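K.L.:
following is a predicted model, sequence given first.
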Amino acid sequence: MTECLVDTDILSFYFRGEPNVFREFTEHLKEYDQINVSIITYFEIIGGLKFKNAQKQLNDFEEFVSNNTIIHLSEESARISGGKYAELRQSGITIGTSDLLIAGIAIENDLTLVTNNEKHYAPINGLNIENWRL
């Protein structure tokens, strides 16, 4: 198991108690003592929970984040993401901005991106991907 960056969908599965995801989180924490979450994922989850007025889930998420690590978007992450955007567009492939920023953060920090959207991220060269839902 390598150090990872957890994508938004996997965090959602974790908080819903998905057994495989929960088991993988537990195993990862035994080895690394923390889960890495991008600032983009933080934004997406906070926005979704506030939109639904899900105060208990929001409190649970904030507590989770306080015990783990948020990795911010740096200038280098943005540069990597912009380069990937251009490469993909030149190949006729479009990926959403948030996902490209998450990928750039993972690549810069040499982290494996844990996502259930493997096919979605597959075209991004240099990005290591795992799926903890399987």
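P.N.:
Perfect, I can see it now. Quantities reported herein were computed from a predicted structural model and do not represent experimental measurements.
K.L.:
mind checking pLDDT for M1?
P.N.:
Note on M1: pLDDT of 70.
K.L.:
list the contacts for it?
P.N.:
With contact set as Cβ atoms under 8 Å, 6 or more residues apart in numbering, M1 has these partners: 27-28, 31. Where you see a C-beta, it was placed from the backbone N, CA and C, and this is true even at glycine.
K.L.:
any chance of TSV for those, columns neighbour count?
P.N.:
What follows is the contacts of M1, written out as TSV (neighbours: other Cβ atoms under 10 Å):
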residue	neighbour count
E27	12
H28	20
E31	9
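K.L.:
so which of these are in strands?
P.N.:
Using DSSP state E, no member of these falls in strands.
K.L.:
which helix runs longest in the protein?
P.N.:
For the chain, the helix that runs over the most residues, judged by DSSP state H, is helix 75-90.
K.L.:
so L111 makes contact with C4?
P.N.:
Yes - contact criterion Cβ atoms under 8 Å: L111 and C4 qualify, at 5.5 Å.
K.L.:
which one's more surrounded, the two?
P.N.:
Neighbour tally, L111 and C4, criterion other Cβ atoms under 10 Å: the higher count belongs to C4, 22 against 19.
K.L.:
I figured the more buried one hits T115, correct?
P.N.:
No - using Cβ under 8 Å, C4 is not in contact with T115; the gap is 9.8 Å.
K.L.:
where do the contact lists of those two overlap?
P.N.:
E130.
K.L.:
coming back round to it: in the longest helix of the chain, what's buried?
P.N.:
Using 16 or more other Cβ atoms under 10 Å as the test for burial, helix 75-90 gives 77, 80-81, 84-85, 88.
K.L.:
avg pLDDT for it?
P.N.:
98.
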